[in-house]
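[1] let's see this in three dimensions:
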Amino acid sequence: MTIRENFWRVVRFQPADHLPFWADWLGPWRRWRDEGLPVGEDMDDARFRAWVLDYFGFDGMYSAFWGQPRVPVEVGVYPPCPPEVLEETEHYRVQRTGVGSIIRQFKQRQGSLVSAQWLEYPIKTRQDWRRFRDRHLDPHASGRYPEEAAWQQMKAAWNSRDQVISIDGGSFYGFVRDWIGFENLSYMLFDDPHLVREMMDYLGDFFIEVLHRALDEVQVDFAMFWEDMCYKSGPLLSPRMFRELMLPNYKKVTFFLTEHGVELSWVDCDGNIEALIPLWIEGGVRGFYPLEVAADMDAGKLRRQYGEQIVMWGNVDKRALAQGREAIDAEIARLEPVVAAGGFIPLVDHGVPDDVSLQCYLYYLERRRELSGFRHQ
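    As a prediction, the model looks like this:
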């Protein structure tokens with residue numbers, strides 16, 4: 001049974017050889033290098049991810065907008081705004097990002113992520129939106145797809161693959177928030193909901209137009225949406241607003257995906273997503289990640305509530321990994337019934353924190369292999 005066949009048996013709740021063994025997102029690579037991980041320092045992102053997959057024996061690294069293997073179609077801002085450094089000191093750099101925001105990027109890097117402060121966003125008015133749309137959201141802009149020779153080579157490899165391959169489905173709240181800012185968008189939802197609707201409606205049609213060629217030419221396994229529209233206690237906009245502004249566009253895009261043979265859509269959303277799961281299901285999304293335990297997400301509870309309506313990945317409590325073997329064993333034991341019920345791929349529920357030692361991470365991987373059915377391999 002190929003990796004791809006095995007994946008589809010798992011997400012269809014059928015007997016499978018073992019669970020997919022996917023890579024967790026991020027990790028404290030600098031610390032782990034100091035603790036003996038033989039990773040080089042001069043690799044670009046693509047080479048580094050390929051090295052991680054090979055070294056740890058992962059089947060793939062699946063994430064919206066940068067995972068692999070995935071169809072590299074640009075569904076966001078293109079062309080990006082040119083980089084521009086506006087101010088630089090010993091401690092930080094103020095710069096314009098590719099989407100046109102101005103941020104203060106701090107230079108002190110304590111772990112795997114770098115802190116930044118958002119100072120200004122490109123869209124404040126309807127006129128700003130329309131200028132931004134016309135400059136950066138043309139679905140036919142050259143550069144949204146790889147160069148033709150590379151594209152043909154990729155297609156040939158995908159057509160003979162034994163792995164699953166994803167494609168980016170897009171983002172509604174997440175993209176708009178990045179262009180307007182969380183606080184500004186929160187006000188706009190009340191002060192000018194018609195503008196928010198105009199933006200999200202445009203994005204729904206835009207994603208379809210961008211993806212059309214890829215889905216005509218490539219047999220894609222699943223689409224991945226990204227939102228990050230919830231916090232520890234719930235969503236950042238009401239379910240009513242989701243229903244009015246986002247649900248019609250989710251339905252439109254997932255219907256298009258299904259028509260083109262993509263039967264499974266996932267959403268990557270941090271925080272507590274429980275209030276929005278029924279709406280995503282209605283909108284054609286069946287997969288959910290990362291299911292953060294710190295936000296009271298419980299894969300076992302969701303399986304009891306939704307049965308085989310949903311598939312899940314994540315829900316390994318990132319905080320447990322730093323606490324040693326007993327805590328890791330307890331996490332594995334907690335998730336055993338969810339694995340047995342099917343339709344679930346255990347992964348760390350977001351990035352692996354910087355307080356996790358290489359020794360603890362390797363032990364967690366050993367236990368996850370056992371949980372995933374690799375005992376006799």
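
[2] and the helix or strand harbouring residue 133, what's buried?
    Element membership of residue 133 [criterion: DSSP states H and E] is helix 126-136. Neighbour-count burial for helix 126-136, counted by 16 or more other CB atoms under 10 Å, picks out 128-129, 132-133, 136. Where you see a C-beta, it was placed from the backbone N, CA and C, and this is true even at glycine.

[3] and if you look at stretch 317-327?
    For stretch 317-327, by 16+ other CB under 10 Å, it's 317-318, 320-322, 327.

[4] picking that back up, for the helix holding residue 133, name the packing helices and strands.
    Contact here means 3 or more CB pairs under 8 Å, 6 or more residues apart in numbering; DSSP states H and E; on that basis helix 126-136 packs against helix 193-217.

[5] so where is the stretch 1-150 of the chain shaky, pLDDT-wise?
    109-113 (pLDDT under 70).

[6] could you check how many residues crowd around residue 189?
    Using other CB atoms under 10 Å, residue 189 is surrounded by 19 other residues.

[7] any idea how far it lies from residue 171?
    In this view, residue 189 and residue 171 are 16 Å apart by CB to CB, to the nearest Å.

[8] ok, residue 211 next?
    13 Å.

[9] over to residue 86?
    Taken as CB to CB, the span from residue 86 to residue 171 is 27 Å.

[10] re the thing from before, off-centre distance for the helix holding residue 133?
    Its chain's C-alpha centre and that of helix 126-136 lie 26 Å apart, by CA atoms, centre = their mean, to the nearest Å.

[11] C-alpha coordinates for the next helix-or-strand element following that helix, CSV please?
    Moving toward the C-terminus from helix 126-136, the next helix or strand (DSSP H and E) is helix 148-159. C-alpha atoms of helix 148-159 as CSV (Å, rounded to 0.1, in the frame of the first residue of the first chain):
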residue,chain,number,x,y,z
GLU,A,148,6.6,26.8,-17.6
ALA,A,149,9.5,24.3,-17.8
ALA,A,150,9.5,23.8,-14.1
TRP,A,151,5.8,23.5,-14.0
GLN,A,152,5.8,20.7,-16.6
GLN,A,153,8.6,18.9,-14.7
MET,A,154,6.6,19.1,-11.5
LYS,A,155,3.4,17.8,-13.1
ALA,A,156,5.3,14.8,-14.5
ALA,A,157,6.6,14.0,-11.0
TRP,A,158,3.2,14.5,-9.4
ASN,A,159,1.4,12.2,-11.9
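
[12] for the nearest residue in space to residue 126 that is not next to it in sequence, what are its contacts?
    Spatial nearest neighbour of residue 126, chain neighbours left out: residue 195 (5.4 Å); criterion: CB to CB, 6 or more residues apart in numbering. The neighbours of residue 195, taking CB atoms under 8 Å, 6 or more residues apart in numbering as the test, are 126, 129, 188.

[13] right, and residue 32 touches residue 361 too?
    Yes - if you go by CB atoms under 8 Å, residue 32 and residue 361 touch, sitting 7.3 Å apart.

[14] and those two? which has more neighbours close in?
    residue 361 (23 against 20).

[15] hang on, the earlier thing: what's in contact with the helix holding residue 133?
    Contacts of helix 126-136 (CB under 8 Å, 6+ apart): 77-81, 99-100, 122-123, 179, 192, 195, 198-199, 202.

[16] and the angle from that helix to helix 193-217?
    Between helix 126-136 and helix 193-217, the angle comes out at 10 degrees (axes from the mean of the first three to the mean of the last three CA atoms, to 10 degrees).

[17] near residue 152, how many other residues are there?
    Around residue 152 sit 11 other residues, with neighbours defined as other CB under 10 Å.

[18] quick one, domains of this protein?
    Domain assignment for the chain by automatic domain parsing gives 3-78+122-371, 82-121.

[19] wait, residue 55 sits on residue 39?
    Yes - contact criterion CB under 8 Å: residue 55 and residue 39 qualify, at 7.5 Å.

[20] looking at those two, which one has more neighbours?
    Neighbour comparison, residue 55 and residue 39: the larger count goes to residue 39, with 14 against 11 (by other CB under 10 Å).
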